[in-house]
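[1] Only the shape, not the letters, is given here:
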């Protein structure tokens with residue numbers, strides 16, 4: 001039996017992951033991803049992997065690729081040892097990396113509100129943990145409804161996020177995104193957009209809002225490390241009005 005079959009990440013979801021964009025020989029926002037990985041390690045009680053360990057695993061996954069666009073996934077688990085919930089003494093974490101082609105995101109996205117909820121009271125809602133079943137089910141529900149992506153609410157009925165992205169919208173003079181305590185992952189591109197908005201003189205706010213606010217919102221868009229910033233064209237079958245400030249944000253970014 002291989003050690004992986006006894007790995008706590010596989011058996012219990014006891015671990016973390018990060019997905020980075022590798023573009024023409026460079027890992028985009030590596031420092032931001034490693035900081036978030038470190039925050040997740042603090043929550044799970046895992047030692048933080050060193051930069052050399054991460055870069056070594058990534059280099060092995062990429063092989064001799066010299067150009068193009070890849071999704072690089074770093075998986076970090078509590079390793080093997082023991083049956084049941086309790087970890088054994090002498091923890092030896094597992095660090096893996098894999099790389100696959102990542103095509104450029106194409107066109108606007110359609111969004112549909114799904115029944116699967118984010119648990120804003122769980123620490124797991126704010127780390128990049130391996131237990132991603134809710135996100136998987138949300139995306140499947142959205143695809144079965146003919147949409148590209150899912151809009152997930154939390155248990156309080158507040159807007160949270162997409163299955164694999166953060167959400168932004170314009171509400172009057174403000175650029176809004178759900179607050180982290182709504183059960184939202186602290187996305188790397190989310191943070192960059194908030195900073196860019198301030199640099200452009202836009203009022204950016206983190207809010208706790210119910211689903212009805214999006215019916216009047218303009219310029220909805222999604223963010224993550226692979227898609228960058230992607231406009232939402234429809235929400236629950238309704239056309240979403242564009243907003244020229246989205247184009248200003250895109251023009252100021254490297255995406």
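    Nice, I can see it. Keep in mind the model is a prediction, meaning the values are calculated, not measured.
[2] Pass me the low-pLDDT residue ranges in the stretch 151-255 of the chain, would you?
    254-255 (pLDDT under 70).
[3] now with 90?
    252-255 (pLDDT under 90).
[4] what about the strands in it?
    Listed in chain order, the strands found in the stretch 151-255 of the chain under DSSP state E, counting those that start in this stretch are 159-162, 166-171, 174-178, 203-207, 218-224, 228-235, 238-239.
[5] okay, those strands, which one's buried deepest?
    Most buried of those, by mean neighbour count (mean count of other C-beta atoms under 10 Å): strand 159-162, with a mean of 26. Quick note: C-beta positions are derived from backbone N, CA and C, even for glycine.
[6] outside of that one, which residues touch it?
    Under the contact criterion C-beta atoms under 8 Å, 6 or more residues apart in numbering, strand 159-162 has outside partners 111, 118, 120, 149-154, 167, 178, 182-185, 209-211, 213-214, 222.
[7] Strand partners (parallel or antiparallel) of it?
    Here strand 159-162 has these sheet partners by DSSP bridges: strand 149-153 (antiparallel).
[8] Any idea how far the strand it pairs with is from the middle of the chain?
    Using C-alpha atoms, centre = their mean, to the nearest Å, the distance from the centre of strand 149-153 to the centre of the chain it belongs to is 13 Å.
[9] same thing with stretch 240-247?
    Taking C-alpha atoms, centre = their mean, one finds the center of stretch 240-247 at 22 Å from the center of the full chain.
[10] Quick one: end-to-end length of that stretch, please.
    As for stretch 240-247, its first-to-last residue distance stands at 15 Å under the measure C-alpha to C-alpha, to the nearest Å.
[11] Tell me the buried residues in that stretch?
    240, 242, 243, 245, 246 (16 or more other C-beta atoms under 10 Å).
[12] do stretch 128-147 as well
    128, 129, 130, 132, 134, 135, 138, 139, 141, 142, 147.
[13] and which of those is nearest to residue 82?
    The shortest approach to residue 82 among these belongs to residue 130, at 17.4 Å (C-beta to C-beta).
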